[in-house]
Every structure is written in structure tokens, then in C-alpha cells.
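In: this one's structure only:
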């Protein structure tokens, strides 16, 4: 075998040109979301179905969470399936459609005009997700390797597509009213398919591969991951069945308990990976990613409480708002803050140093971002997050305003560090 | 006609050269990480044959590491063609890390 053919055994990296725009868009969305948050604090003292809360939620879920995950997925799918991404063109188109659609949809929510901007925005996002599903689906089916991680990612993509289809139907239902109930009645279905079907499955599927890989852990347990996969999907299917055909609150405990069990099993998987790691020193981005595993259990515990309150007909609206906030500004944000600096520096490093590494001393990927900025960002973020949740629960606008400023500083520091990585100048070996 | 000659001096020199090739994520060189399975010299046709692996077949840095191994050997051994065979059997495991490597990972 010669030097050219050895590359046949290697993972084919997706070009940085298609991955980086997703990261840039996502970083900007995070900052914009925190600015929105600062100017919309009073909305968090009212009902969760508030135009500004809907706008911020969709900016966080789509602009921040989904965009960075789509970008990282285009990079990680080849790693998970040990093959290559089916189409770079589809990846570009997926970015263009999502990038165009998200501001239109968010604007529609912010001014609460469910007319053409929101409808066009919803449809372009749907096209983007459809292209992503095709791209991932063909990549997975063309690959010879079908491991549990690939199943997680592909199934998550399918749940995202279903979530977006329901979302678009709800947007059109505001003006055409073709569904049997009011659009607001379907919100729990739309939200939870997105949260558990898309975000949770995707994060577990990718995290279960990356966490042991970055820790150089001896632990692996594919059987446990299959159990987690089945629990989450069974919970989602049960929830759909209950929501559509048997809406008894008491039975909602079944899917919630299944998800909680899946989360504890995943936390156990991460704990074992951590305990059996060879690399004893854990860097700050990895610590943040591990913290997010703990933070993902918090919203689902809150959900457990919410279902209990629903049974007693004494639902506290502030706890529901806190539940949503903990998901998007807590769990998802913490994992993105950590994982960005475990993935983005590698993508940029590969772009700059791949062809000159070995010809002398080059910086390592972790040298591409400023550890000091990262170190300052995490305490500011945690304080801002905790104070905002406290502000929601205590209905305290002053506390929320102060916390929103801290979250804005977090987003500024994050963007600064992302730019530092993106604008890294090559150091000649 | 090819003739494999494993001159211990040459092999040691090659291993020392490869101690300057690092896994970018782990920060440990490929020799102490246990990625180099075999190095053979064929002086008749001026070639070096390297049989090596990666910590995981999923490694996104794989191409960068194998390219660096090839580049470093070509720079250090004049007029020599470097052939790399990337294998995953036996798969890499933590037992392959040298004592120096383990010390490094314990106290990075």
C-alpha cells in the first residue's frame, strides 16, 4: 500500500468552507438572543405564549442551537459513519435556506405577525432541514458502517424534520385555521419533539462518541446506548399517542420517566467514561461539556414537577417559563459553549496546519483560542444563568435585567473567542 | 529486488524522528502514543515502510498525522520514498502507550 492509498482508510473531513458559516451564524445568533433577552425581560413575568419569548426561543433553538449542531454534524457525520458526507452542495444549500429563513420567522414572532414573513421563514427552514435529512440519510445508507451513533444522528434529523413540519403547520394555522384546535394547543407537541427528538438524541448520539474520544477512555458500552436510544424514541412515540388520542395528564408520567431514565443512563455512561479515562487532565471546554450532562437532567426534573402540577390543576406559569429557559440557556448553551472549543479549533487547525504539520513545531488546536477568555466566560455565564432562573421564579425584573447583562457579556466573550479562532494567523514552523 | 534491512541504528533514528510528530489533540508524540507498529527499511529501493494506526478509526486528525509521519521521514532520510500502511488490526488500545506517554497523560 503506498502513501496515497493509505488515505482510503481515513475519515474524509468535510471542507471547512461549508462548516464555518454555520458556526459564525450561530455565534451571532447567541449574541442577538441575549440582546433580545435584555430588552424583553418584562415578557418573562407574563405567559410563555408571548411574542418576545417566542422570538427569543426560536432564535436560540434555531439560530444558536440548531445552526451550530447542523454545522458540527456536517463535520461529525463522516467521523461517526467512517465515510464521507454525501453532498457538500446540499450542505451549502441547507445553510443558505436556514440562514435566510430564521430571521424572517423570528421577526414574525417578535412583532407577532404570522403573515408572509413568518410563513416564508418557516418554509425556507423546512427546505433547509429537508436537505439536511437527505444529506445525512444518504451518507448513512451509503456507509458500510452502521453504528449506534449514526442511528442517533439520523433519527434526530428525522425528529427535527417532523418538528419543523408541525411548526410550519402551526404558523399557517394562525391565518388559515385548518387544524382542529388552536395553534397554541399544539405547542407542547412541537416543543417536545424538538427538545427530546432533535436536541436530546443528537447530543447523546454525538456526545457518546466524542466524550470517550476526547478523554481517551477505556469505557465503551454500545448496548447501553441502544437502551437509551430505545427509551427516548419510545417516550416520544408514547407522548405523541397520548397527546393525539388519549390526553390524560396522569399518563404523561410514562414518557417523562422514560426520558429521565435515559438521561440517568447517559449520565452513568459519561461518568464511567470519565472514571476510566487515560488522560487525567481534563481541559476547561471538556469540563463545561461534562457540566452540561448534569444540566440536561435539570429541565426534565422540572418537567416532572410540571406534570405533577398539571394533575393538581395548579400549574405555575413561571416554572414553565423557567423550564424553557433552563433548556435553551442552560443545557444547550452550556454544551455549545464547551463543545465549540473542542471542535472549531480543530476545523481551523486542519485548514491551516494539515499540510505543514510534522515539518516543525506548530501550535496545537487548543492554542487557537484564548483560555483566559474562556475561563472568564464560564463563571459569568453560570452566574447569569442562575440569577435569571431565580429572577423568573421570583418574578424579579431587576434580577433578570442584571442576569441578562451577564449573559450578554457571556455571548460577547464567546464571540470574541470564536473570532480569535477564525482569524488565527498561521505560525510558520 | 527488495531487501528488508532492519538496521537497529536506522530504526532508532526513524523512531526518534517520529517523536517530533504529535497527535494534535492529545499533545503526545506518535511513538509514545503507540501508533507506530513497524518500521522497515528497504535499502535496495531506498524506501521506508511504516505500518501504523490511529487511536480511533474515527479520528478526524488522521490525515494530518499520517501526512506528518511521511513528511518527517522524507525530510530526515534523503532520497528515500516513504510508504505508509494504516491498519486497524490490531486496534490501538491504551496498553500501547509507553511509560513516558502514560506519565505525560497523568500530569499534562
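Out: Nice, thanks for sending it over. Model, not experiment: these values are computed from the prediction.

In: ok, which stretches of the stretch 201-350 of chain A are helices?
Out: A:201-215, A:222-245, A:253-275, A:284-295, A:297-311, A:317-325, A:333-353 (DSSP state H, counting those that start in this stretch).

In: so residue B:83, which of the three states?
Out: When classified by DSSP: H, G, I helix; E, B strand; the rest coil, residue B:83 comes out as strand.

In: give me the beta-bridge partners of it?
Out: residue B:49 (DSSP bridges).

In: Residue B:65 versus that one, what's the distance?
Out: 16 Å (Cβ to Cβ, to the nearest Å). Where C-beta positions appear, they are placed from N, C-alpha and C, glycine not excepted.

In: which one of those two has more residues nearby?
Out: Shown here are residue B:83 and residue B:65; by other Cβ atoms under 10 Å in any protein chain shown, residue B:65 has more neighbours (26 against 19).

In: and the more buried one, what element?
Out: Following DSSP states H and E, the helix or strand that holds residue B:65 is helix B:62-76.

In: Counting neighbours, what do you get for the closest residue to residue A:396 other than its chain neighbours?
Out: Residue nearest to residue A:396 in three dimensions, not counting chain neighbours: residue A:390, with 7.4 Å by Cβ to Cβ, 6 or more residues apart in numbering or on different chains. Residues lying near residue A:390 (other Cβ under 10 Å) number 14.

In: okay, the angle between the strand or helix carrying residue A:390 and helix A:333-353?
Out: Assigned by DSSP H and E, residue A:390 belongs to helix A:371-394. Inter-element angle recorded for helix A:371-394 and helix A:333-353: 160 degrees (by axes from the mean of the first three to the mean of the last three Cα atoms, to 10 degrees).

In: what's helix A:371-394 in contact with?
Out: Contacts of helix A:371-394 with the rest of the structure, by Cβ atoms under 8 Å, 6 or more residues apart in numbering or on different chains, involve A:37, A:41, A:44, A:284-285, A:288, A:318-319, A:321-322, A:325-326, A:329-330, A:333-334, A:337, A:341, A:396-400, A:402-407, A:409-410, A:413-414, A:416-417, A:420.

In: so can I have JSON lines of the helices of the stretch 201-350 of chain A showing distance to residue A:177 and mean pLDDT?
Out: Listed next are the helices of the stretch 201-350 of chain A as JSON lines, based on distance: least, Cβ to Cβ, whole Å; pLDDT from 0 to 100:
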{"stretch": "helix A:201-215", "distance to residue A:177": "32", "mean pLDDT": "88"}
{"stretch": "helix A:222-245", "distance to residue A:177": "19", "mean pLDDT": "94"}
{"stretch": "helix A:253-275", "distance to residue A:177": "29", "mean pLDDT": "91"}
{"stretch": "helix A:284-295", "distance to residue A:177": "39", "mean pLDDT": "82"}
{"stretch": "helix A:297-311", "distance to residue A:177": "26", "mean pLDDT": "81"}
{"stretch": "helix A:317-325", "distance to residue A:177": "25", "mean pLDDT": "86"}
{"stretch": "helix A:333-353", "distance to residue A:177": "35", "mean pLDDT": "89"}
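
In: Let's have those in a markdown table, adding mean neighbour count.
Out: Formatted as a markdown table, these follow (neighbours: other Cβ atoms under 10 Å in any protein chain shown):
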| stretch | mean neighbour count |
| --- | --- |
| helix A:201-215 | 23 |
| helix A:222-245 | 17 |
| helix A:253-275 | 18 |
| helix A:284-295 | 20 |
| helix A:297-311 | 17 |
| helix A:317-325 | 20 |
| helix A:333-353 | 23 |
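
In: Output the ones you listed as CSV; include the columns distance to chain B.
Out: Shown next, in CSV, are the helices of the stretch 201-350 of chain A (distance: least, Cβ to the nearest Cβ, whole Å):
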stretch, distance to chain B
helix A:201-215, 6
helix A:222-245, 14
helix A:253-275, 13
helix A:284-295, 11
helix A:297-311, 27
helix A:317-325, 34
helix A:333-353, 6
